[in-house]
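>>> sharing a model that was predicted from the sequence below.
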Amino acid sequence: MNRKTAIKLYEDWTKARGIDPDIETQEAVIAAMEKYNDPWWEKSEASARIGELQLQEERLLVDFGLFHKSLEMFMGRPVWTHELAHPQELLAEKRDATPASMKEIIEKIPEEKRLTVVIPDKPCED
C-alpha cells in the first residue's frame with residue numbers, strides 16, 4: 001500500500017475512533033498500515049486472520065474486543081490478557097501446534113502476582 005493511501009486510511013481510522021494521537025503514534029500506525037494491501041483493520045467482524053495479523057503488530061489497529069475475540073479464533077482456545085505480554089510465545093504455540101496447558105498459561109503470570117482461591121467442598125454455613 002502506498003503512503004498516500006495509508007495516510008487516508010489512518011485519518012479515517014482515527015476519526016472513527018474519535019482520537020487525536022501524537023505524531024509518533026501517527027507514524028507508527030501509518031508504517032504498520034503500509035505493510036498491507038488489504039485494510040484488514042477496517043473489518044468489524046472477528047476472524048482468525050485479524051487475530052494473527054494484529055498479534056504481530058506493536059500498535060493496536062482494531063478495537064481490543066475484536067482483537068481478543070479474533071485472537072481466540074486464531075489460537076483455537078481462550079486467551080488470557082496476561083498472555084498478550086508475550087506475543088511471540090503465542091505465535092510459537094500456534095506454529096508448533098502445541099496448545100498451552102492451563103498450568104503453562106498460569107505460569108506466565110509472575111509468581112508474586114498470582115493469587116490462589118480455595119473453594120471448600122461444602123457450602124459455607126452462616
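Sure, I can see it.
>>> packing partners for the helix or strand bottoming out on mean pLDDT in the chain?
Across the helices and strands of the chain, mean pLDDT, DSSP states H and E gives its lowest value to helix 3-17, namely a mean of 77. Judged by 3 or more CB pairs under 8 Å, 6 or more residues apart in numbering; DSSP states H and E, the packing partners of helix 3-17 are helix 23-34. The way it works is simple: take the backbone N, C-alpha and C, and place the C-beta from them, glycine included.
>>> in the helix it packs on, which residues are buried?
Val29, Ile30, Ala32, Met33 (16 or more other CB atoms under 10 Å).
>>> now it and helix 3-17, what's the angle there?
120 degrees (axes from the mean of the first three to the mean of the last three CA atoms, to 10 degrees).
>>> was I right about Leu9 contacting Pro39?
Yes - using CB atoms under 8 Å, Leu9 is in contact with Pro39, at 5.6 Å.
>>> so what sits against both of those two?
Met1, Met33 (CB atoms under 8 Å, 6 or more residues apart in numbering).
>>> who has more neighbours, the two?
Leu9 (20 against 15; other CB atoms under 10 Å).
>>> so which two of the buried residues of helix 23-34 are the farthest from each other?
Spanning the widest gap among the buried residues of helix 23-34 are Ile30 and Ala32, at 7.3 Å by CB to CB.
>>> roughly how far does Glu107 sit from Leu53?
27 Å (CB to CB, to the nearest Å).
>>> have a look at those two and say which one is more surrounded.
Legend: neighbour count by other CB under 10 Å for Glu107 and Leu53, higher for Leu53 (21 against 12).
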